[in-house]
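In: give me a model of this one.
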Amino acid sequence: MTVLAHEVAAVPSEAATVTSAGQETAIASATAAVAGDVEAALALADHQPAGEVAVRLRERLRGHVRTLAVPAERYADLLPESRGKDIASSTVRFARKVARDCGSDPAIALRLLAKSVAHLARNTDLLRRT
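Out: Here you go, the predicted model:
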């Protein structure tokens, strides 16, 4: 089953499937945007973690967490009982916690959000391939 990030955002309680090549292109575009935000956050964390750009980027990353947590959680639920399932489930819980509150240090917040988004995106991609 394939879950599209933009469809999850629109209907968070349902998982959608890919039905067209255009949707596959949308997935690739969303994946590139997420990867770009992750890279930008890690760079900003090292050089300029405060300021308007960093604030907007943290909000975008929080949005990515909200969007990707649903399919990443579905991926974790589909795994057989194992250490891998425990890790995938705890990754989702941690990402949601970080999105709610990641402390007052802007550099740490950017890093935590970026890494959380990267892990959720990876698990979401693994779900798409199953």
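
In: for stretch 61-78, what is the average pLDDT?
Out: Mean pLDDT, stretch 61-78: 93.

In: from the chain's centroid, how far away is that stretch?
Out: Remark: stretch 61-78 is offset 6 Å from the chain centroid, using C-alpha atoms, centre = their mean, to the nearest Å.

In: tell me which residues of that stretch come out buried.
Out: Neighbour-count burial for stretch 61-78 flags 61-62, 64-76 (criterion: 16 or more other C-beta atoms under 10 Å). C-beta coordinates here come from the backbone N, C-alpha and C atoms, glycine included.

In: name the spans of the protein whose pLDDT lies under the cut-off.
Out: Applying pLDDT under 70 to the chain picks out residues 1-30, 130.

In: contacting residues around Ala76?
Out: By C-beta atoms under 8 Å, 6 or more residues apart in numbering, Ala76 lies in contact with Lys85, Ala88, Ser89, Thr91, Val92, Asn123.

In: if we can go back for a sec, let me know the closest of the buried residues of stretch 61-78 to Lys97.
Out: Proximity of the buried residues of stretch 61-78 to Lys97 (C-beta to C-beta) peaks at Val65, which lies at 9.7 Å.
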